[in-house]
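>>> have a look; sequence and predicted model below, questions after that.
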Amino acid sequence: MTTFASHYSYWITVLLLAAGLYIMIARGNLVKKLIGLSIFQTSVYLLYIAPGKLIGGTAPIVSEAYRVYSNPLPHVLILTAIVVGIATLALGLAIVVRISTAYGSIEEDEIVAADAGGRDRA
Amino acid sequence: MIAEHLPALVVVVPLAAAPLIVLLRSAALGWALAFAASLFAFGASLALAAEVARAGVISYHLGSWPPPWGIEYRIDALSAFLLVLVSAIGAVVAPYAWRSIAAELPREQHYLYHAVFCLCLAGLLGMTATGDAFNVFVFMEIASLAMYVLIALGRDRRALLASFQYLILGTIGATFYVVGVGLLYLVTGTLNIADMAERLAHDGGTRPVLAALAFITVGLSLKLALFPLHLWLPNAYAYAPSAVTAFLAATATKVSVYVLLRFYFTVFGAGLVLETLPVPEILIGLSIAAIVSASLVALWQADLKRMFAYSSVAQIGYITLGIGLATRDGLTAAVVHLFNHGITKGALFLLIGGIALRAGGAGFERLRGLGRAMPLTSLGITLAGLSLIGVPGTAGFISKWTLVLGAIEAGYWWLAALVVLTSLIAVAYVWRFVEAAYLQAPDARTPPAGEAPFSMLAPSWLLVGACFWFGFDTSFTVESARRAAALMLGGAP
């Protein structure tokens, strides 16, 4: 029970990962799929950042006054990952806008049906 | 002075060319810059490959920070081989793109295409050159985001949906990869691949390491389109602009295979992956499923581009089959086939681009009597098709031959027989093209007589020629692959 409680950040990570993945599979709306994707990616941020924190730890400043340091590297990595995530989301939304103009819908089943009906027009 | 910095320059030059092209806003200048950057990358890769063959592993410290603290670029026999493949295809596709893109994209998008192409090239080269696990992720995303854009440029509106589906699946793959790297970082406290390998040698096989292995395997399998995670590939290849399809088919999945090999053999070690865990059995099973099912599906496609897209899934199966054999010969076959399949598929998709230009598409109904309307293109597709089948005298034969030898050596007689049998399915689908082009009479939908422009034919035929060159002269391909396989299995570097 104590390990369960003391590792709560991992449980949140797993929950976010599974929830994001489920949304991407279960939802046909393209914007909702992107929301799922964002939640999915967020879980990774937590996975990296949580172990970087030490209770009572400070920024790595070389001084007599501080003895326990938190690891800054995960933060730097996740800063990069967040930028990548934003770029992906922006590109995904841009493609959805163009799909919406081309098909008049952002529901996956309607789009597939529209293509099945007009296979020869392409 | 410059030679010393080649490992970084091979990535930095295409990367820097991209924003420059956007600033110049000119289609002609953009094309010239993209071509120059890809030629530079090709020259630099050849120089690096020669240096690695002469003096062994090159370790380049970015910003002079020594590893494992700084980011290290590490070129060894395997990555040098991949650098040559990727940059060679880049240098062939760049001149081809001038006319092909002009025909397929509106004029105001031309310079943007060249910029994104440079980004994609830089990302793929970066994934290969870097020796840092997180850096691989960053370059993977640079390459992938560029690919989603390139695919979405396709004329057909279905290209948009294909791009979106690839974006979702590709991001899931990349995120799985980064989860795996995160777990490895938690265990080892390092991101440098060589350093990680050293530390895992002591405490490998613990549960987080196994979880990392699983995440990285699934993530990269999505990226390299291993059956049954290949669903994004056929539509992406079929609806992307012709030059893009040729570039992606020849390079993107291959680089992902490289990253998988790097993690399997350098980081986790052959002992853990091939002996303790049932990875070979799983890989062999999935590879057989990929080869058989994708080859059969390819037989029924109504479009030439889609047919060869499914054939790509099958060919990736041969590559992973080589890995699954878990022997030195099997690995050699996998690495050789990375290269040989790259040039063969590159040649095929470049030639199909010529057909798309003349006929407005590559559906089989437009191919009747094409042998008379476009004799050079049809001959090229037939010859590259022979290499795809693995007829003696072609590059494809060398791959299949090493694979069959590897299977026999590993004691899998039935797998050797299966490789030969499934090549017959390739004969059947290549024959569909030959039949349409040479044995059927032209009708109203056949394009009028006339070849694709020279700037498109010449790069295509260069690759067709390479399919035969590497069928006779295997000193570069097989020797490099042998060295790479020895390196991976921990023999002499």
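The structure has been received and is ready for your questions. Numbers count the residues shown, from 1 in each chain, chains lettered A, B, ... in the order given.
>>> so for chain A, the centremost residue is which one?
The centre of chain A sits closest to A:Q41, judged by CA atoms, centre = their mean, with a distance of 1.8 Å.
>>> mind listing what it touches?
A:20, A:81, A:85, A:88, B:171, B:175 (CB atoms under 8 Å, 6 or more residues apart in numbering or on different chains). Quick note: C-beta positions are derived from backbone N, CA and C, even for glycine.
>>> and those residues, which is closest to B:N340?
In terms of CB to CB, no member of those lies closer to B:N340 than B:T171, at 30.4 Å.
>>> where does the chain dip in pLDDT?
If you meant another chain, say so; for now it's chain A. Within chain A, the stretches with pLDDT under 70 are A:1-2, A:117-122.
>>> should've been chain B
B:1, B:203-204, B:491-493.
>>> the helix or strand hosting A:G85 - contacts with which helices or strands?
Using DSSP states H and E, A:G85 falls within helix A:73-103. Here helix A:73-103 touches helix A:30-49, helix A:108-117, helix B:133-152, helix B:158-188, going by 3 or more CB pairs under 8 Å, 6 or more residues apart in numbering or on different chains; DSSP states H and E.
>>> got those helices as JSON lines, with distance to B:E365 columns?
JSON lines is the format used below for these (distance: least, CB to CB, whole Å):
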{"stretch": "helix A:30-49", "distance to B:E365": "32"}
{"stretch": "helix A:108-117", "distance to B:E365": "19"}
{"stretch": "helix B:133-152", "distance to B:E365": "24"}
{"stretch": "helix B:158-188", "distance to B:E365": "18"}
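>>> between those, which one is closest to B:A458.
helix B:133-152 (22.3 Å).
>>> show me what the closest one is packed against.
helix A:73-103, helix B:110-129, helix B:158-188, helix B:242-261.
>>> who's in contact with B:P68?
For B:P68, the contact set (CB under 8 Å, 6+ apart) comprises B:190-192, B:194-195.
>>> biggest separation within the residues you listed, which pair?
Most distant of the contacts of B:P68, by CB to CB, are B:L191 and B:A194, 10.8 Å apart.
>>> neighbour count: these two, which is higher?
Set side by side, B:L191 and B:A194 show more neighbours around B:L191, with 25 against 18, by other CB atoms under 10 Å in any protein chain shown.
>>> could you report the distance from that one to chain A?
8 Å (CB to the nearest CB, to the nearest Å).
>>> go on, B:F227?
For B:F227, the distance to chain A - CB to the nearest CB - is 19 Å.
>>> what is the burial count for that residue?
22.
>>> name the nearest residue to residue 20, ignoring sequence neighbours.
Defaulting to chain A. A:F40 (2.8 Å; CB to CB, 6 or more residues apart in numbering or on different chains).
>>> oops, I was thinking of chain B
B:L33 (6.2 Å).
>>> so the one you found sits right up against B:H114, yeah?
Yes. Using CB atoms under 8 Å, B:L33 is in contact with B:H114, at 7.1 Å.
>>> more neighbours: which of those two?
B:H114 (29 against 23).
>>> surely that one touches B:V22?
No. Judged on CB under 8 Å, B:H114 makes no contact with B:V22 at a distance of 9.2 Å.
>>> tell me the one of the contacts of B:P68 nearest B:G180?
B:L191 (12.2 Å).
>>> ok, that closest one - contacts?
Counting by CB under 8 Å, 6+ apart, B:L191 has contacts A:77, B:68, B:132-135, B:181, B:185.
>>> what about 6 Å?
By CB atoms under 6 Å, 6 or more residues apart in numbering or on different chains, B:L191 lies in contact with B:132-134, B:185.
>>> got the phi and psi for it?
phi -120, psi -10 (degrees, to the nearest 10).
>>> how near is it to B:S480?
Using CB to CB, to the nearest Å, we find B:L191 at a distance of 28 Å from B:S480.
>>> what of B:R358?
37 Å.
>>> what about the contacts of B:P68, which are in helices?
Using DSSP state H, the members of the contacts of B:P68 that fall within helices are B:194-195.
>>> out of the contacts of B:P68, which is nearest to B:L487?
Nearest to B:L487 among these, counting by CB to CB, is B:A194 at 12.3 Å.
>>> skipping adjacent residues, who's closest to the closest one in space?
B:G131 (6.2 Å).
>>> what residues are up against the one you found?
By CB under 6 Å, 6+ apart, the neighbours of B:G131 are B:72, B:74, B:193.
>>> need these in TSV with distance to B:T206, can you?
Formatted as TSV, the contacts of B:G131 follow (distance: CB to CB, whole Å):
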residue	distance to B:T206
B:E72	25
B:R74	26
B:I193	19
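>>> ok, and of these, which contact chain A?
Among the contacts of B:G131, no residue lies close to chain A (CB under 6 Å from any CB of the partner chain).
>>> now the buried members of these.
Neighbour counting with 16 or more other CB atoms under 10 Å in any protein chain shown marks B:72, B:74, B:193 as buried within the contacts of B:G131.
>>> give me the distance between the first one and B:S64.
When distance is defined by CB to CB, B:E72 is 11 Å away from B:S64.
>>> if I look at A:L30, how far off is B:G490?
47 Å.
>>> what's the local residue count around the one residue in the stretch 251-400 of chain B that gets nearest to chain A?
Nearest to chain A, among the residues of the stretch 251-400 of chain B, is B:G361, at 7.8 Å (CB to the nearest CB). Residues within reach of B:G361, counting by other CB under 10 Å, total 18.
>>> need the three-state assignment for it.
Following DSSP: H, G, I helix; E, B strand; the rest coil, we place B:G361 in the coil state.
>>> thinking again about what came up before, any chance of the helices and strands packed on helix B:133-152 in CSV, with distance to A:D109 too?
CSV is the format used below for the helices and strands packed on helix B:133-152 (distance: least, CB to CB, whole Å):
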stretch, distance to A:D109
helix A:73-103, 12
helix B:110-129, 31
helix B:158-188, 12
helix B:242-261, 27
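>>> about what we covered before: and the residue nearest to B:A194, backbone torsions?
phi -120, psi 20.
>>> and the gap between it and B:Y166?
28 Å.
>>> now swap in B:I142 and tell me
From B:I142 to B:Y166 the distance is 15 Å (CB to CB).
>>> for chain B, what is the nearest residue in chain A?
Nearest to chain B in chain A, going by CB to the nearest CB, is A:A102, at a distance of 4.1 Å.
>>> with adjacent residues omitted, what lies nearest to that residue?
B:R157 (4.1 Å).
>>> what about the one you found, how many residues nearby?
20.
>>> B:A143 contacts B:L124, doesn't it?
Yes. Taking contacts as CB atoms under 6 Å, B:A143 lies within contact range of B:L124: 4.9 Å.
>>> more neighbours: the two, which one.
B:L124 (35 against 27).
>>> ok, and what's touching stretch B:278-297?
Taking CB under 6 Å, 6+ apart as the rule, stretch B:278-297 contacts B:226-227, B:273-274, B:310, B:313-314, B:317, B:320-321, B:323-324, B:326, B:422, B:425.
>>> sounds good, over and out.
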